[in-house]
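**Q** A structural model of the following input is requested.
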Amino acid sequence: MQNLQEQQRLVDAELVQAMIESTPESWEQIVLTLTRLPSTASNGATTLGAFGNFHHELSSPQGHAPVGPADSLYAATYKLDELLQDARGLLVRAVYFAKQEGDSWTFKANFDYE
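**A** All right, here's what the predicted structure looks like:
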């Protein structure tokens with residue numbers, strides 16, 4: 001059985017691949033900002049959004065116009081939310097920064113929890 005770090009490494013790799021698939025080949029740097037969307041309960045109370053309910057923003061520090069996510073990015077986000085919610089709590093924001101270096105990509109990520 002894989003530990004949390006091994007599981008997250010696989011999910012992160014899937015998420016970064018989905019970021020790359022979502023953007024034009026000319027992009028060498030990608031920033032993905034995930035922000036959990038609020039939900040309104042039947043009594044009118046506002047809470048943090050449902051499981052897997054994130055706003056996805058794909059941008060580039062190179063000045064390219066933002067683009068929309070591929071379906072694979074939504075699927076990878078759902079897996080990330082499921083993994084982290086089980087282990088660390090409610091993810092409210094995540095920022096991934098991916099950079100092409102030669103033929104491969106590197107990334108770093110920051111997470112905010114409630």
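**Q** and the top helix by length along the chain, what other elements does it pack with?
**A** The longest helix of the chain (DSSP state H) is helix 4-22. Taking 3 or more CB pairs under 8 Å, 6 or more residues apart in numbering; DSSP states H and E as contact, the helices and strands that helix 4-22 lies on are strand 29-36, helix 71-87, strand 91-101, strand 104-113. (Each C-beta comes from the backbone N, C-alpha and C, glycine too.)
**Q** one more time with 10 Å
**A** strand 29-36, strand 54-59, helix 71-87, strand 91-101, strand 104-113 (3 or more CB pairs under 10 Å, 6 or more residues apart in numbering; DSSP states H and E).
**Q** got the angle for the last one vs strand 29-36?
**A** The one in question is strand 104-113. Put simply, strand 104-113 runs at 20 degrees to strand 29-36, going by axes from the mean of the first three to the mean of the last three CA atoms, to 10 degrees.
**Q** mind checking how far strand 104-113 is from the chain centre?
**A** Strand 104-113 has its C-alpha centroid displaced from the chain centroid by 9 Å (CA atoms, centre = their mean, to the nearest Å).
**Q** The third one now?
**A** Centroid separation for helix 71-87 versus its chain: 8 Å, with CA atoms, centre = their mean.
**Q** What lies in contact with that helix?
**A** Residues outside helix 71-87 that contact it (CB atoms under 10 Å, 6 or more residues apart in numbering) are 3-4, 7-8, 10-23, 32, 34, 36, 49-54, 56, 58, 69-70, 90-91, 94, 96, 109, 111, 113.
**Q** please redo it, this time with the cut-off set to 6 Å
**A** Counting by CB atoms under 6 Å, 6 or more residues apart in numbering, the neighbours of helix 71-87 from elsewhere in the structure are L4, Q7, V11, E14, L15, A18, E21, S22, G52, F54, L91.
**Q** ok, of those, which come out buried?
**A** The neighbour-count test (16 or more other CB atoms under 10 Å) marks Q7, V11, E14, L15, A18, S22, F54, L91 as buried among those.
**Q** Deepest in the core, which of the helices and strands packed on helix 4-22 is it.
**A** With neighbours defined by mean count of other CB atoms under 10 Å, none of the helices and strands packed on helix 4-22 is more surrounded on average than strand 29-36, at a mean of 20.
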